[in-house]
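S.K.: sequence and predicted structure are below.
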Amino acid sequence: MLLMRYSGFSYTEIAEALGVASSSVGTLLSRAERRFADAVTREEVGA
Amino acid sequence: MHVDEGLLLALRDGETIPESADAHVEACTVCSSGLEEARARAVLIRDTLDDETESVDLEAARAAVRARLDRSRARPRFSVPGASVRRAAGILLVAAGAVSALQSPPVRTWLSERIGESGPTDRSTAAAPRTADELQSVGIAAQPGLVIALSGLEAGDQLALVFEARDEVEVSAAEGTRFAIADARIDASDIVGPVIIRVPAGAPALTITANGRIMFAGTDAEYDVDPSGVQADGGWVFRAPAP
């Protein structure tokens, strides 16, 4: 989902490709982003 | 009430959101701060992805996804996505704590063998079990745990799965069934045929409600069930109550 979003796909296209409601994309993306950012931060701190 | 994170991201990404939400964010320091945080996170993610994906042919990947979208649009509304998108959805949505699309023929076989002996047939319009090819699924791949089958649901009935934490179940139903996925819950409507829910071992507790009646509450190891349930090896079969 993150790759799709950051490759320029719209929420509607992401919803279609992944089979979820377009109204859920923002929430799902938000969760994914937070986890991704946390993982990156942890990696940077541990490096 | 503040604007939720999903709308904040939609606003950040230039998607259409209600004007009232847009106006609220402008006037609210909490939401404005959340928006700024989301923007900063986007910069971090974009920079990280740029660093990590230099060796990936993004143009080819985009073309592949575009082609799949085109094929998807040409198919019936509720067909199961193709294997590669399904895998991608699984990986990405597991990270997001959400859903993907998966098939589970053993569960369907299990249901087909048992649904006819699952209890009273007070719903004259109860649909017959479908074949594996007719079923669609949403949910994360489930390890063996508990299988819950609900029969007797039909168009107009409501099925809700509410989770204590992340969504960690697989929900299967015949093509035509509509799923609405939101934070910590899945709602099914326009239900066609039986619904099969796989609860993986160790998953957080969930509550399954059919037409307002709680049919199941708990985890695969500790749960309460509606008295109408019939226990079978590996799970339970319920006949949904009338609305």
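M.R.: The structure has been received and is ready for your questions. Numbers count the residues shown, from 1 in each chain, chains lettered A, B, ... in the order given.

S.K.: quickly find the element holding residue B:173.
M.R.: strand B:170-174 (DSSP states H and E).

S.K.: lowest-scoring secondary structure element of chain B by mean pLDDT?
M.R.: Of all helical and strand segments in chain B, the minimum by mean pLDDT, DSSP states H and E falls on helix B:83-96, at a mean of 33.

S.K.: re the thing from before, average pLDDT across the strand holding residue B:173?
M.R.: The predicted model gives strand B:170-174 an average pLDDT of 77.

S.K.: does the helix or strand following it reach chain A?
M.R.: Using DSSP H and E, the helix or strand that directly follows strand B:170-174 along the chain is strand B:178-182. Yes - Strand B:178-182 reaches chain A (C-beta under 8 Å from any C-beta of the partner chain) through B:180, B:181, B:182. C-betas here are computed from N, CA, C, even on glycine.

S.K.: which stretches of the chain aren't confidently modelled?
M.R.: Unless you meant another one, I'm taking chain A. Across chain A, the ranges flagged by pLDDT under 70 are A:46-47.

S.K.: chain B is the one I meant
M.R.: B:51-59, B:61-62, B:65, B:68-69, B:71-144, B:165-168, B:233-234.

S.K.: so which residue of it comes closest to chain A?
M.R.: Chain A sits closest to residue B:6 of chain B, with a gap of 3.1 Å, by C-beta to the nearest C-beta.

S.K.: so the lengthiest helix in chain B, near chain A or not?
M.R.: Longest helix of chain B, by residue count under DSSP state H: helix B:29-52. Yes - using C-beta under 8 Å from any C-beta, helix B:29-52 reaches chain A at B:38, B:41, B:42, B:44, B:45, B:46, B:48, B:49.

S.K.: what is that helix packed up against?
M.R.: Packing partners of helix B:29-52 (3 or more C-beta pairs under 8 Å, 6 or more residues apart in numbering or on different chains; DSSP states H and E): helix A:2-6, helix A:22-46, helix B:5-12, helix B:19-27.

S.K.: looking at those helices, which is buried most?
M.R.: Using mean count of other C-beta atoms under 10 Å in any protein chain shown, the stretch among the helices and strands packed on helix B:29-52 with the largest mean neighbour count is helix B:5-12, at a mean of 23.

S.K.: just the angle between that helix and helix A:22-46, please?
M.R.: Put simply, helix B:5-12 runs at 90 degrees to helix A:22-46, going by axes from the mean of the first three to the mean of the last three C-alpha atoms, to 10 degrees.

S.K.: by contact count, what packs against helix B:5-12?
M.R.: If you count contacts as 3+ C-beta pairs under 8 Å, 6+ apart, helix B:5-12 packs onto helix A:22-46, helix B:19-27, helix B:29-52.

S.K.: could you chop chain B up by domain?
M.R.: Residue ranges for the domains of chain B, per automatic domain parsing: B:5-52, B:105-239.

S.K.: with respect to burial, which of those scores highest?
M.R.: domain B:105-239 comes out most buried of the domains of chain B by mean count of other C-beta under 10 Å, with a mean of 18.

S.K.: now distance to residue B:211 too, for the helices and strands packed on helix B:29-52, in JSON lines please.
M.R.: JSON lines is the format used below for those (distance: least, C-beta to C-beta, whole Å):
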{"stretch": "helix A:2-6", "distance to residue B:211": "36"}
{"stretch": "helix A:22-46", "distance to residue B:211": "23"}
{"stretch": "helix B:5-12", "distance to residue B:211": "28"}
{"stretch": "helix B:19-27", "distance to residue B:211": "32"}
